[in-house]
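# Task: produce atomic coordinates for the following.
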Amino acid sequence: MKALLLQGPGEVSQMRVGEAVKPSPQPGEVLVRIMATALNPVDYKTGNQGNPHWSYPHILGLDSAGIVEEIGAGVNHISVGDRVVCHLDLTQKGGYAEYGVTSAHTVSVIPEGISFQDAAALPCAGYTAYQALFHKMHVSSGQNILIHAGAGGVGGFAIQLAKAAGLTVLTTASAPKHEYVQSLGADYAIDYQQEDFVQRTLEITDGLGVHYVLDTVGRDNATRSLKALAFNGQISFIAGPPSINEAISFAHPLSFHSIALGSVHASGNLAEQRKLAQMGDHMLSMLQEGKITSTLSSTITLDEVPAALTDIATRHVTGKIVAMLG
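Residues are numbered from 1 along each chain as shown. I've put the predicted structure just below:
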């Protein structure tokens with residue numbers, strides 16, 4: 001089969017399309033003829049670092065949509081011919097290929113009217129945002145949230161999900177991207193390059209701070225964000241934890257939530273793994289009903305993936321990029 005091949009750690013920019021062995025589904029798995037795979041920052045990060053579970057050449061790509069071509073033993077809720085979307089196992093061969101396999105209990109069937117590219121744009125960024133808001137922080141209507149990097153993948157979905165849940169949404173973004181984040185539903189856009197986001201957040205909330213923060217930037221930003229949280233506030237983080245010990249205070253108690261979506265595949269916890277499908281089902285339904293958008297910004301070919309991942313690494317890409325294979 002045709003695949004985009006990573007020859008070794010640190011060689012993401014040198015990936016080239018070549019031939020790879022077509023996989024076969026094991027019991028409990030499905031073989032998917034991949035039509036679209038979304039690009040994510042985790043692709044270049046893990047590709048450059050390497051992974052002890054990989055053999056080379058390796059195939060990157062975590063979020064794929066396509067058509068079920070074969071089912072493994074014991075699979076009875078998914079059928080050959082179903083259109084599905086999945087968040088693949090980081091330790092296995094990925095979705096920048098014509099075919100991929102994944103566990104059947106983690107896939108979602110794509111409703112009619114939703115394209116492969118829109119479906120593929122959802123999992124990594126969308127499920128991460130969903131998990132942070134609803135499985136960890138349990139956000140409530142009428143409260144407020146500060147979402148960092150609202151023009152990015154996770155941030156863009158988080159804005160939409162939070163707004164749909166009835167929250168007031170503050171987000172950080174560079175000035176040229178304010179119109180975009182506001183189109184997603186942000187009530188307040190803070191120019192992190194020109195404004196102190198903590199000071200601005202406190203101004204907007206009359207000095208009380210926000211109920212929730214979703215940090216997608218890094219440890220230092222997460223630590224600084226603690227100052228923007230209200231009494232009993234909560235923070236979820238995906239790019240490194242804040243300095244938690246120093247922030248624990250009787251006078252200003254906070255709650256901390258680590259988000260690591262992809263590690264669930266190796267957890268052995270079937271109930272948690274099934275949540276991938278549950279989140280996918282809900283988000284696909286919201287997409288079908290027009291309650292959210294896929295934030296798809298462009299589609300590219302498999303050959304164009306390395307250059308696009310280099311662009312994503314600069315953190316200046318807006319929305320989601322999807323590689324089309326079918």
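# which residues does the residue nearest to the spatial centre of the chain contact?
Centroid-nearest residue in the chain: residue 125, 1.4 Å away (criterion: Cα atoms, centre = their mean). Contacts for residue 125 (Cβ atoms under 8 Å, 6 or more residues apart in numbering) come out as 38, 40, 152-154, 156-157, 295, 320. (Each C-beta comes from the backbone N, C-alpha and C, glycine too.)
# In these, which residue is surrounded by the most others?
Using other Cβ atoms under 10 Å as the neighbour criterion, residue 156 leads the contacts of residue 125 with 33 neighbours.
# before we move on, the earlier item: now, among the contacts of residue 125, which is nearest to residue 236?
Comparing the contacts of residue 125 against residue 236 with Cβ to Cβ places residue 154 closest, at 10.1 Å.
# show me what contacts the closest one?
Taking Cβ under 8 Å, 6+ apart as the test, what residue 154 contacts is 125, 128-129, 132, 214, 216, 238.
# Show me these that map onto strands.
Among these, the residues falling in strands (DSSP state E) are residue 214.
# ok, which pair from the contacts of residue 154 is furthest apart?
Within the contacts of residue 154, two members stand farthest from each other by Cβ to Cβ: 125 and 214, at 11.8 Å.
# can you give me the strands in the stretch 151-300 of the chain?
168-172, 188-190, 210-215, 229-237, 255-258, 296-300 (DSSP state E, counting those that start in this stretch).
# hang on, I meant the stretch 1-150 of the chain
Here the stretch 1-150 of the chain has its strands, by DSSP E, counting those that start in this stretch, at 2-5, 16-19, 29-38, 63-71, 83-87, 99-103, 108-109, 144-147.
# Name all residues that make contact with the closest residue to residue 248 other than its chain neighbours.
Closest residue to residue 248 apart from its sequence neighbours, by Cβ to Cβ, 6 or more residues apart in numbering: residue 254 at 7.5 Å. Contact partners of residue 254, counting by Cβ under 8 Å, 6+ apart, are 226, 229, 232-235, 247-248.
# Put the buried members of the residues you listed into a PyMOL selection.
The following PyMOL line selects those of the contacts of residue 254 that are buried, judged by 16 or more other Cβ atoms under 10 Å:
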select buried, resi 226+229+233+234+235+247
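# From the contacts of residue 254, pick the one nearest residue 291.
residue 234 (23.8 Å).
# Tell me what that closest one is bridged to.
Taking DSSP bridges as the rule, residue 234 bridges to residue 212, residue 255.
# now it: how far from residue 9?
Noted for residue 234: a distance of 36 Å to residue 9, by Cβ to Cβ, to the nearest Å.
# what are the phi and psi angles of residue 27?
Backbone torsions for residue 27, taken as degrees, to the nearest 10, come to phi -50, psi 130.
# Leaving out sequence neighbours, find the closest residue to it.
residue 73 (4.2 Å).
# distance of that neighbour from residue 104?
10 Å.
# ok, now residue 21?
Using Cβ to Cβ, residue 21 is found at 21 Å from residue 104.
# Neighbour count: those two, which is higher?
Relative neighbour count places residue 104 above the other of residue 21 and residue 104, with 22 against 10, counting by other Cβ under 10 Å.
# Am I right that that one is in contact with residue 82?
No. Look at residue 104 against residue 82 with Cβ atoms under 8 Å: they stay out of range, at 10.1 Å.
# my guess is residue 322 contacts residue 302, does it?
No. Contact criterion Cβ under 8 Å: residue 322 and residue 302 do not qualify, at 11.2 Å.
# So if I had to pick from these two, which one is more boxed in?
When residue 322 and residue 302 are compared for neighbours, residue 322 comes out ahead with 28 against 20, by other Cβ under 10 Å.
# Once you drop chain neighbours, what's closest to that one?
In space, residue 322 is closest to residue 117, 4.5 Å off (Cβ to Cβ, 6+ apart).
# OK, contacts around the one you found?
Contacts for residue 117 (Cβ under 8 Å, 6+ apart) come out as 36, 65, 294, 296, 299, 322, 324.
# Please repeat the previous calculation with a cut-off of 6 Å.
Shown in contact with residue 117 (Cβ atoms under 6 Å, 6 or more residues apart in numbering): 36, 299, 322.
# could you dump these to TSV with pLDDT?
Listed next are the contacts of residue 117 as TSV, based on pLDDT from 0 to 100:
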residue	pLDDT
36	98
299	98
322	98
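# Pull up the gap between the nearest residue to residue 276 once chain neighbours are set aside and residue 4, please.
Using Cβ to Cβ, 6+ apart and skipping residues adjacent in sequence, the residue nearest residue 276 is residue 106, 4.3 Å away. As judged by Cβ to Cβ, residue 106 and residue 4 stand 23 Å apart.
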